[in-house]
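# need a structure here:
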Amino acid sequence: MPELVLWDIDHTLMATRGYGRQLWAAAFEQVTGVTMLKQASVTGSTEQVILRETARLHSLPYDRELFARFAEALGALHVRHAAELRKRGHALPGAAATLAALNEQGVRQSVVTGNVRQAAEVKLAAFGLDTYMRLDEGAYGEDAEGRPELLLTALQRAGAAPQDTVFLGDTPADVEGGRQAGVRVIAVATGHTTTNDLHAAGPHSVLDGLSNTSHVLAAIGE
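Numbering: from 1, shown residues only. This next block holds a predicted model:
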């Protein structure tokens, strides 16, 4: 088993079934005063990039101060609506069992996500997945715009070597980010990317999902 396993959150461990987008739109309107008419692509992206590009779509200026206010608003909305998030969304099949099994084997786990930290914490807690995570060793939307930089940040915080780390995500951006950071990447076909497209991105392996715990553990421990 690797020393450290890092997880993407959305569509890898859980699905919010559209409610996350509603909260995002509410935060956008709160900090810009403009109703969100269109959102930039979120697949494999980070909140900094999504906000910048969504602001551009609405002819709004973007800077770090806007992102800081947005991150605070988005996190607060997740805290306020955690119960509804729990009602509307769900952990993906096998996610909790896989995290628990890795924890039993003494594998450290954290997250690498484009979500801002407060939103990530609420999502994980809503579906009972936070118990297994060393969240201070993860990386979040506030930390960088790119997936490689987020992974390198997490490695530094965890004090782990790339060769001793496995990263699981559901998009080609996750795969490319992991490859650039030098970690072994397992792609999980539980998001919006087909299995063929995930294979084409060049991960170490591709899983259909997390429901078969022994199969997932075998892939992680290869």
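# every contact and neighbour count from this point should use C-alpha atoms.
Will do.
# just the pLDDT for residue 45.
In the prediction, the pLDDT value recorded for residue 45 is 89.
# skip ahead from the longest helix belonging to the chain and say which helix or strand is next.
In the chain, taking DSSP state H as the definition, the longest helix is helix 64-80. The C-terminal neighbour of helix 64-80 among helices and strands, as given by DSSP states H and E, is helix 82-88.
# what's that following helix in contact with?
Here helix 82-88 makes contact (CA atoms under 8 Å, 6 or more residues apart in numbering) with 16-17, 19-20, 78, 122-123, 126-127.
# which helix or strand lies directly C-terminal to that helix?
The helix or strand immediately downstream of helix 82-88 is strand 90-91, counting by DSSP H and E.
# about what we covered before: mark which of the contacts of helix 82-88 are buried, thanks.
Buried subset of those (neighbour count, 16 or more other CA atoms under 10 Å): 16, 19-20, 78, 122-123, 126-127.
# give me the subset of these lying in strands.
Counting by DSSP state E, none of the members of the buried ones among the contacts of helix 82-88 fall within strands.
# by contact count, what packs against the longest helix of the chain?
Helix 64-80 makes packing contacts with helix 19-32, helix 117-126 when contacts are defined by 3 or more CA pairs under 8 Å, 6 or more residues apart in numbering; DSSP states H and E.
# from the chain's centroid, how far away is it?
Put simply, helix 64-80 sits 17 Å off its chain's centre (CA atoms, centre = their mean, to the nearest Å).
# tell me the mean pLDDT for it?
Here helix 64-80 scores 97 as its mean pLDDT.
# quick one on the thing from earlier: so which of the contacts of helix 82-88 sits lowest on pLDDT?
residue 17 (86).
# distance of it from residue 175?
Remark: distance between residue 17 and residue 175 (CA to CA, to the nearest Å) = 23 Å.
# try residue 99
Distance, residue 99 to residue 175, using CA to CA: 20 Å.
# between those two, which is the more surrounded one?
In this view residue 99 and residue 175 are compared by other CA atoms under 10 Å, and residue 175 has more residues nearby, 29 against 24.
# that one: which element?
Using DSSP H and E, residue 175 sits within helix 172-181.
# other SSEs contacting that helix?
For helix 172-181, the packing partners by 3+ CA pairs under 8 Å, 6+ apart come out as helix 147-158, strand 165-169, strand 184-188, helix 195-201.
# what angle sits between that helix and strand 184-188?
170 degrees (axes from the mean of the first three to the mean of the last three CA atoms, to 10 degrees).
# ok, the closest residue to residue 78 other than its chain neighbours - how many residues close by?
Leaving aside its chain neighbours, residue 78 sits nearest to residue 119 (5.6 Å; criterion: CA to CA, 6 or more residues apart in numbering). Residues contacting residue 119 under the criterion other CA under 10 Å number 23.
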